[in-house]
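**Q** Sequence first, predicted coordinates after that:
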Amino acid sequence: MSRLNINKTYKLYIGGKFPRTESSRYYPITNTKGDLIANMCLASRKDFRNAVVIARKVQESWVSTSALNKGQILYRIAEMLEGRKEQFIEELILQGVQKKAAQIEVSTSIDRLVYYAGWSDKYQQFFSSVNPVNSAHFNFTNLEPTGVVSIIAPENQGLLGLISVIAPAIVGGNTVIVLASQNISLSAISFSEVLNSSDVPGGVVNILTGKREELISHFASHMDVNAIIYCGTDQKDLKTVSELASNNVKRTIFYKKNDWLNSSNESPYFIEKTQEAKTTWHPVKI
Amino acid sequence: MAKKNKYFKASWSYDPAPESTDHIQLQKKYDLYIDGKFIKPENGKYFETINPTNDEIIAKVALAEKEDVDKAVKAARNAFKSWSKIEPKERGKYIYRIARLIQERSREFAVIESLDGGKPIRESRDIDIPLAANHFFYYAGWADKLEYAFPNRNPKPLGVTGQIIPWNFPLLMAAWKLAPALATGNTVVLKPAETTPLTALKLAEIIRDTGLPKGVVNIITGAGKTGANIVNHPDIDKISFTGSTAVGKYIQKTVAGTHKKITLELGGKSANIIFEDAAIDQAVEGIIDAIFFNQGHVCCAGSRLFIQESVADTVIQKLKDRMETLIVGDPLDKNTDIGAINSKRQLIIIENYIKIGLNEGGEIFQTDCKLPSKGNWCAPTLFLNLSQSHTIVQEEIFGPVLAIQTFRTIQEVIEKANNTPYGLAAGVWTQNGAKLFHLSQKLKAGVIWGNTFNKFDATSPFGGYKESGFGREGGLHGLKPYVKFE
Amino acid sequence: MIKDSSKVPTYDTLGVIERVNRFSKRSIKNSSKIAGLKLALSMIDLTTLEGNDTKGKVEQLCYKAMHPHDALQGLPTVAAICVYPSMVSIAKNALQGSKINVASVATAFPSGQSDLKIKLADTKFAVDQGADEIDMVISRGKFLSGDYQYVYDEIIAVKEACGKAHLKVILETGELETLDNVRKASEIAIQAGADFIKTSTGKIQPAATLPVTYVMLDTIKDHYIKTGKMIGMKPAGGISNSKTAFQYLIMLNEVLGEKWMNSKYFRFGASSLANDILMQLVKFETGFYQSANYFSKD
């Protein structure tokens, strides 16, 4: 007796909720045979704008969350992902990834989350300094998150690439709006379900699906976004992002790599990319 | 009520105490320092650098055009091959030499800095020049220790760096840019500001005297167009710029899509926050330092003052009293607190903002100081009765003009202080430790001065959040903008 | 009753040091320097407070006070002679016909460790002997243990014992440790009726310093703003040359201004400062740097 599967409706992930795109547009994702897997939301600039508003709103409380707590939340994401490992492997296969590669990608993704969870209460010690100034002041430099970060996620490795750019940004106290891989977007939305069940406050991570060419200029130009991470090598995109970023002196971070698997793709320096050094002075003389 | 500030009028007026200028050596005409030599500009054009106190010409300075920029970049590119490969500790020794030579000639540099830029000799002598020397001394020591600054990353120099320097701290800003660039093995094309080129050219003499390989540092003079030629030159790998946010944005836009890396140290409208539990007298002094240091020509000037309402009257009264004792005048006089405005152009900008402040209903207070008839001068000025929406609260004036607002609660002042596109610095005055650290965390600015203001040090990273730029200068963090990793 | 001492303004030490460094870096030249030297001379409380003081020593000092350097025309005399109570009548006699005051230390100077009755008797004795000014010490032990009321009451009692004599209250700031304590002690002394506040006995190091004096001047300024009443200031101890004295005068000029720039409201407690000032003045007159051999040491 055959049973009809219940197909999942993939929506956007904004502010801890799963809204449809306000534009009501979609684009189809098909398997290699051309069968429809899902209709993905074709997010609009307004969806992006809404996500920025929420990301800004929660950034202050996210940065105030203790480092230990943030670390535990990232670890919790890893736990949740581990529990749904098979689903993610299957989903990657469905999107055309070979089985072996899918298995490696998912387990690496989980490990990467654990890796950054561990940095949560350590990177600050690594990058901070006490500066021996030539006067009777105590002077130290520590890192603070840049703020709200827009991310154009890697187009390939839709899960691992996504996690590799989100994790270092949020563990450092930023909130993010991510444009998922256009073609491997199922994993991104399923990952947002993992996020939603992992104590990550709503709005810390916002995930949109849609087209780069439609959204990139908004990701780069929004005046309330402090930094943009762009993954890719398209010369025109790179120029567009840099040009538009200049309107509010936005920090630009470009990752031109194609493969996020090996361990050179994880380090505290990825966290440092979306951090600002703050130096504090105080007299010490009595 | 009588004007209270008159109660404490100083009666003992000090006779002029001018710093002697007879030991300084200035030429009538300066050429471009390219490839280890002073050479004439291709097109033979020169411009004048003016003493802002009397509009007299101090010297003529070469105007570098496209061909000259190209020559300088070629020299720097050529020098990079060997400079990036010499023993790091030898590289350090050259930089140590620069530090020492500045120290030896510090008095001459101080006088020229004040002569050319209008800042009081007290500041150029006690702050600009020693800090510049310290900066070279600090980064010299890093040259052979870069692996410890960036463990496991194998840092490499970027190549040819183009450095564009502002007119407010001419030698110091040159030091901030040159020292880390050289320590990390880069070569440099540096352009001082058109109104204050002299100490950079004197620095070129020092660099020549150190025996630094030719072409490692090239110093070319000119105005905005020369700067644009540097920014646009295809063979430059890195642009370091200190100056206005508008120009910073232009540079960021211009280099878009190229391989060039940039560091921007831009404008500010820094908040200076006085709580009721502050050491009020030092806070007042801090306000003075924050806004009147270097005539307010300071990117991190504490130009927005926030005073808690319960002490506002006291603070404002004490501030006015203190302002009256500021001596405005000849920058070369050792007793001068506030010197000349750097240029006619800047004076017009400042005066225009004062007009705007008045037109928008601000209540002005200026001291009674006598201003010389010739030259560019502006009396220490403050504005009361302002709110966040006033133009002089929002825009950078870059002059001795303070915009004062009051506040009631901590939350309110944090919101107001952060309510700006800038994020360079902030000052917080309170004797309550928890409050100080709370503010320090919440204020979106790259430098927080707790119970002090406008302090700088070679070991202390400096740079902004938001539209005040990115990248840091000073300290360990100041190395990073000049290296790349594998 | 003493006013709430918890509301006394607080100071940041480094900030005060930076502020006074600004005064130290002023450069005084030419006629303003000559005017300053003469002013400083007129503000001196020429002091001898030694166990081995004798009639002869005090009389010599008084002569010096009246004739600082006869070779130089138009010099002011010093403001006062400052001696122990036992030397007051000798000084008074020696200074007859001059306008120079006699100041006497009292109240178990320098430690202040005695009973109030004895301190009052000490004070009355000095006044009876003819002292125009009394330099009392506060009870630092009581102050540091938080018994501000005791310190306050004691000053009031001594002030009463002074009668017409002016009261200078010595805080002995070298024992108070913090600038906040200096402010607090200054307020107590002023509230209790001090005509002058004075830094030090000269017997404890550090004696007068610029930061401490700055805080005391600031207290005087605030008191004047509040009440309109002018209190005098006397740094004492360690001010031995005119360069140092000028740093104090510049500070006085820029903090309190012209009303205080006279011996009625500002004094230097010093012994060797006078000769240094004289050497400077003669240098101006002659153009030659001077030797101490040409100036009488009394």
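**A** Looks like it arrived, so ask away. Numbers count the residues shown, from 1 in each chain, chains lettered A, B, ... in the order given.
**Q** so how many other residues sit close to the residue of the stretch 151-286 of chain A found nearest chain C?
**A** Nearest to chain C, among the residues of the stretch 151-286 of chain A, is residue A:283, at 3.6 Å (Cβ to the nearest Cβ). From N, CA and C alone the C-beta is placed, and that goes for glycine too. Residue A:283 has 22 neighbouring residues, counting by other Cβ atoms under 10 Å in any protein chain shown.
**Q** which outside residues touch stretch A:8-24?
**A** Applying Cβ atoms under 8 Å, 6 or more residues apart in numbering or on different chains, the contact partners of stretch A:8-24 are A:38-44, A:46-47, A:50-51, A:54, A:58, A:185-186, A:189, A:192, A:195-196, A:201-203, A:205-210.
**Q** same deal with stretch C:288-298?
**A** Under Cβ under 8 Å, 6+ apart, the answer for stretch C:288-298 is C:57, C:60-61, C:63-64, C:69, C:275, C:278-280, C:282-283.
**Q** Let's see if you can find the most crowded of the residues you listed.
**A** residue C:61 (25 neighbours).
**Q** Report the contact partners of the residue nearest to residue C:114 when sequence neighbours are not counted.
**A** Distances taken as Cβ to Cβ, 6 or more residues apart in numbering or on different chains place residue C:108 nearest to residue C:114, at 3.7 Å, with adjacent residues excluded. Residue C:108 makes contacts with C:114, C:118-119, C:122, C:137, as judged by Cβ under 8 Å, 6+ apart.
**Q** And the helices in the stretch 101-250 of chain C?
**A** Counting by DSSP state H, counting those that start in this stretch, the stretch 101-250 of chain C has helices at residues C:116-128, C:140-144, C:148-162, C:179-191, C:210-227, C:242-255.
**Q** Check the residue nearest to residue C:114 and give its pLDDT.
**A** pLDDT, residue C:108: 96.
**Q** Contacts (any at all) between chain C and stretch B:454-467?
**A** No: Stretch B:454-467 lies out of reach of chain C by Cβ under 8 Å from any Cβ of the partner chain, never closer than 9.7 Å.
**Q** is chain A contacted by that stretch?
**A** Yes: for stretch B:454-467, a contact with chain A is found by Cβ under 8 Å from any Cβ, at B:455, B:457-463, B:465-467.
**Q** Out of these, who's the most crowded?
**A** Within these, residue B:463 tops the neighbour count with 29 neighbours, counted by other Cβ under 10 Å.
**Q** Not counting residues beside it along the chain, what's closest to that one?
**A** Once flanking residues are discounted, residue B:463 sits nearest to residue B:472: 4.1 Å by Cβ to Cβ, 6+ apart.
**Q** how much space between that neighbour and residue A:141?
**A** To residue A:141, residue B:472 is 8 Å away according to Cβ to Cβ, to the nearest Å.
**Q** what do you get for residue B:170?
**A** 26 Å.
**Q** between those two, who's got more neighbours?
**A** Neighbour count, other Cβ under 10 Å: between residue B:170 and residue A:141, residue B:170 has more, with 29 against 24.
**Q** show me what contacts that one?
**A** Going by Cβ under 8 Å, 6+ apart, residue B:170 touches B:113, B:116-117, B:192-193, B:196-200.
**Q** And the furthest pair within these?
**A** Farthest pair in the contacts of residue B:170 (Cβ to Cβ) is B:113 and B:193. Separation: 12.3 Å.
**Q** Can you tell me the element residue 77 falls in?
**A** Since you didn't name a chain, this refers to chain A. Assigning secondary structure by DSSP states H and E places residue A:77 in helix A:67-83.
**Q** I was after chain B.
**A** Going by DSSP H and E, residue B:77 is part of helix B:66-83.
**Q** Name whatever forms a beta bridge with the residue of the stretch 151-286 of chain A closest to chain C.
**A** Beta-bridge partners for residue A:283, by DSSP bridges, are residue A:137.
**Q** picking that back up, okay but the residue nearest to residue B:463 is in contact with residue B:460, surely?
**A** No: between residue B:472 and residue B:460 there is no contact under Cβ atoms under 8 Å: 9.5 Å.
**Q** What segments of the stretch 1-150 of chain A are strands?
**A** A:26-30, A:36-41, A:129-130, A:137-145, A:148-152 (DSSP state E, counting those that start in this stretch).
**Q** in the longest one, what counts as buried?
**A** When you say that, I think you mean strand A:137-145. Residues of strand A:137-145 classed as buried: A:137, A:139, A:141-145 (neighbour count, 16 or more other Cβ atoms under 10 Å in any protein chain shown).
**Q** Count the neighbours of residue B:223 for me.
**A** Per other Cβ under 10 Å, the neighbour tally for residue B:223 reads 14.
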